[in-house]
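>>> coords please:
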Amino acid sequence: MSEGSPEAAGNDSVGLAESATIIRVLAEDLLFLASLHEREFEADELRELAAHPMTDRLNILFQTERFAQSLKLADDGLARLRETEIEVFTDQLAADYSDIYLTHKCRAAPTESVWLDEDGLERQQPMFEVRRWYEDFGVSAPNWRTRPDDHIALQLQFVAHLLMLEEPGIEPPRLAGCFLDEHLLVWVDLFASRVAERCSTTFYAGVATLTAAYVDAARELIAGFPECERPAPERRRKAAGPIAQEIEPTAEDGQAYMPGAAPGW
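Numbering: from 1, shown residues only. Modelled structure (predicted):
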């Protein structure tokens with residue numbers, strides 16, 4: 001189902017009830033995307049995932065070319081899953097997941113620190129900055145030694161958490177927009193570009209590019225809420241580490257990342 005477009009929240013006619021619905025389904029989508037990065041899939045989980053295209057999984061289908069291309073890539077990955085013996089595909093995805101998220105064979109770190117640290121290391125200053133956000137809003141990483149606080153799955157979950165806050169005086173869209181500007185949006189395009197260029201399966205190329213495209217479009221949607229304007233691109237960038245400097249993301253020209261499109265390591 002489609003609840004709106006990137007322009008919907010900026011319309012003055014959008015009432016409080018509709019705004020609350022947009023925020024809720026946006027949070028649900030972010031949690032779904034987080035689940036795709038969180039762990040390897042079992043065969044039964046893959047069967048259930050392949051039963052429906054991504055277009056049926058997401059609440060908001062943004063009307064941008066980049067999002068459409070990323071969505072098609074993700075759906076192509078699911079189509080291959082349906083065409084392949086599930087046990088074989090489970091093994092292929094497990095190997096690809098390991099290369100991306102565990103052994104870092106793809107050199108596509110799913111954590112912010114690696115992209116921004118001057119030595120390309122994990123668990124550096126960016127992670128502690130993310131942790132301070134978590135602490136301010138009463139959450140924490142289950143085990144930061146196993147999965148650092150700045151992991152993509154945890155950051156997606158945290159943005160969803162911010163959007164669902166209902167405390168007096170809290171402005172969920174503004175908080176979510178600020179966190180995205182300061183953290184996830186600084187590096188997620190770099191991650192998506194590297195994964196799409198180096199991973200072995202269309203499924204994970206689709207997951208990475210779809211996540212980046214969705215988060216970018218979601219920030220545009222949030223910008224339509226009061227006091228949630230998005231900073232200019234030059235104000236959003238942080239100093240990049242050595243890994244990030246090897247990649248020139250194409251997100252701002254509206255093109256989705258495709259396997260083979262990014263420069264080599």
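>>> so where's the stretch 151-265 of the chain shaky on pLDDT?
Applying pLDDT under 70 to the stretch 151-265 of the chain picks out residues 234-265.
>>> redo that, cut-off 90
Scanning the stretch 151-265 of the chain for pLDDT under 90 picks out the ranges 167-170, 232-265.
>>> can you give me the helices in it?
Ranges of helices in the stretch 151-265 of the chain, per DSSP state H, counting those that start in this stretch, are 152-163, 172-182, 184-198, 202-222, 233-236.
>>> Dump the first one to PDB, keeping only the CA atoms.
Read that as helix 152-163. Taking C-alpha atoms only, helix 152-163 is exported to PDB below (Å, rounded to 0.1, in the frame of the first residue of the first chain):
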ATOM      1  CA  ILE A 152      23.000   0.200  10.100                       C
ATOM      2  CA  ALA A 153      20.300  -2.100  11.500                       C
ATOM      3  CA  LEU A 154      20.500  -0.300  14.900                       C
ATOM      4  CA  GLN A 155      20.500   3.100  13.400                       C
ATOM      5  CA  LEU A 156      17.400   2.300  11.400                       C
ATOM      6  CA  GLN A 157      15.700   0.900  14.500                       C
ATOM      7  CA  PHE A 158      16.600   4.000  16.400                       C
ATOM      8  CA  VAL A 159      15.100   6.400  13.800                       C
ATOM      9  CA  ALA A 160      11.900   4.300  14.000                       C
ATOM     10  CA  HIS A 161      12.000   4.600  17.800                       C
ATOM     11  CA  LEU A 162      12.300   8.400  17.600                       C
ATOM     12  CA  LEU A 163       9.400   8.600  15.200                       C
END
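>>> Please name every helix or strand in contact with that helix.
helix 16-38, helix 125-136, helix 172-182, helix 184-198, helix 202-222 (3 or more Cβ pairs under 8 Å, 6 or more residues apart in numbering; DSSP states H and E). C-betas here are computed from N, CA, C, even on glycine.
>>> In the second one, which residues are buried?
Buried positions in helix 125-136, judged by neighbour count with 16 or more other Cβ atoms under 10 Å: 126, 127, 129, 130, 131, 133, 134.
>>> Not counting its neighbours along the chain, what's nearest the second one?
Nearest-residue entry for residue 127: residue 150, 4.3 Å, with adjacent residues in sequence omitted and distances by Cβ to Cβ, 6 or more residues apart in numbering.
>>> Compute the number of surrounding residues for the one you found.
By other Cβ atoms under 10 Å, 30 other residues sit near residue 150.
>>> contacting residues for residue 202?
Residue 202 sits next to 73, 76, 77, 80, 259 when contact means Cβ atoms under 8 Å, 6 or more residues apart in numbering.
>>> Apply 7 Å and report the result again.
Residue 202 is in contact with 73, 76, 77, 80, counting by Cβ atoms under 7 Å, 6 or more residues apart in numbering.
>>> Appreciated, that's everything.
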